[in-house]
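A.B. asks: Structure for the following, please:
(one chain, ligands or ions: 2)
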Amino acid sequence: MAKFITFEGIDGAGKSTHIAFVADLLRAQGLQVITTREPGGTTLGEALREVLLHQKMHLETEAMLMFAARREHLAQVIEPALARGDWVISDRFTDATFAYQGGGRQLPLAKLEALEQWVHPHLQPDLTLLFDVPLEVARTRLDATRTLDKFEQEKADFFAATRAEYLRRAAQFPERFRVIDATRTIAEVQQELKQIISSLPSQPGGKQ
Ligand SMILES: Nc1ncnc2c1ncn2[C@@H]1O[C@H](COP(=O)(O)OP(=O)(O)O)[C@@H](O)[C@H]1O
Ligand SMILES: Cc1cn([C@H]2C[C@H](O)[C@@H](COP(=O)(O)OP(=O)(O)O)O2)c(=O)[nH]c1=O
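C.D. replies: Ligands and ions are numbered 1, 2, ... in the order given. As a prediction, this is how the structure comes out:
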């Protein structure tokens, strides 16, 4: 059966680095795989991403726009792909809203739970890979590579709270989450990803 896999972690943890690797592992098994991202993944979603990453706005506006982009993403991309039997890998999904808007910006989680119930009451990722690194490691990686967007310019305590909320959710939903120690080398992380993917149901040798 097609699966929905999400990649999560604070900025600079290394998510984007590993998405193509995991997609290729699955394709090598003959599976159809699409990769996508949030906020974004559709024409409207990418327009909302531009606004979300560069404009200041009320915290609740930010949370609702994240879910608005997600609604479109589910309707246009994620749900049709899963219905066709394609595997879907998304660079972030709803856990990111809990971590960033809930943890980092302190929006009450009950408000986010209400939006989640509205937008995807019956769908959760089958597997969430949480790339976990201390803030200093993430920051060093980011500083070395790119111009920082609105979220990436946040202070250390914002990322500490974001990371803490990710880890809290991983503990809350242990069947869905795999926490990956992303301080290791890219090769070591890929080795672990290979093991995780090969033990998924529907994989040759994986649990059914
Ligand atoms: N395990 C790693 N060790 C060292 N550098 C890494 C590692 N993983 C990623 N990087 C580098 O860190 C930077 C941020 O990685 P990226 O995948 O863009 O992070 P994210 O998508 O989580 O924000 C990139 O320059 C990437 O090459
Ligand atoms: C999906 C999502 C992302 N974000 C933030 C996290 C990231 O800082 C930013 C964009 O995510 P991302 O695509 O990971 O950024 P980049 O391509 O620069 O690595 O949006 C939220 O705050 N809430 C959300 O619900």
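A.B. asks: The helix or strand of the chain with the lowest mean pLDDT - contacts with which helices or strands?
C.D. replies: Ranking every helix and strand in the chain by mean pLDDT, DSSP states H and E puts helix 135-145 at the bottom, with a mean of 89. Applying 3 or more C-beta pairs under 8 Å, 6 or more residues apart in numbering; DSSP states H and E, one finds that helix 135-145 contacts helix 156-172. In short, each C-beta sits where N, CA and C put it, glycine included.
A.B. asks: between the helix it packs on and helix 135-145, how many degrees?
C.D. replies: Going by axes from the mean of the first three to the mean of the last three C-alpha atoms, to 10 degrees, helix 156-172 is angled at 120 degrees with respect to helix 135-145.
A.B. asks: Name every strand pairing with the helix or strand that helix 156-172 is followed by and say which way it goes.
C.D. replies: As assigned by DSSP states H and E, the chain's next helix or strand after helix 156-172 is strand 177-181. Strand 177-181 has its sheet partners listed here by DSSP bridges as strand 127-132 (parallel).
A.B. asks: can you list the weak-confidence ranges in this protein?
C.D. replies: 202-208 (pLDDT under 70).
A.B. asks: which bits of it sit near ligand 2?
C.D. replies: For the chain, the residues in contact with ligand 2 (C-beta under 6 Å from any ligand atom) are 11, 16, 37-39, 53, 66, 91-92, 96-97, 100-101, 149, 151-152.
A.B. asks: Give me the phi and psi for the residue nearest in space to the middle of the chain.
C.D. replies: The centre of the chain sits closest to residue 92, judged by C-alpha atoms, centre = their mean, with a distance of 2.0 Å. With angles defined as degrees, to the nearest 10, residue 92 sits at phi 80, psi 150.
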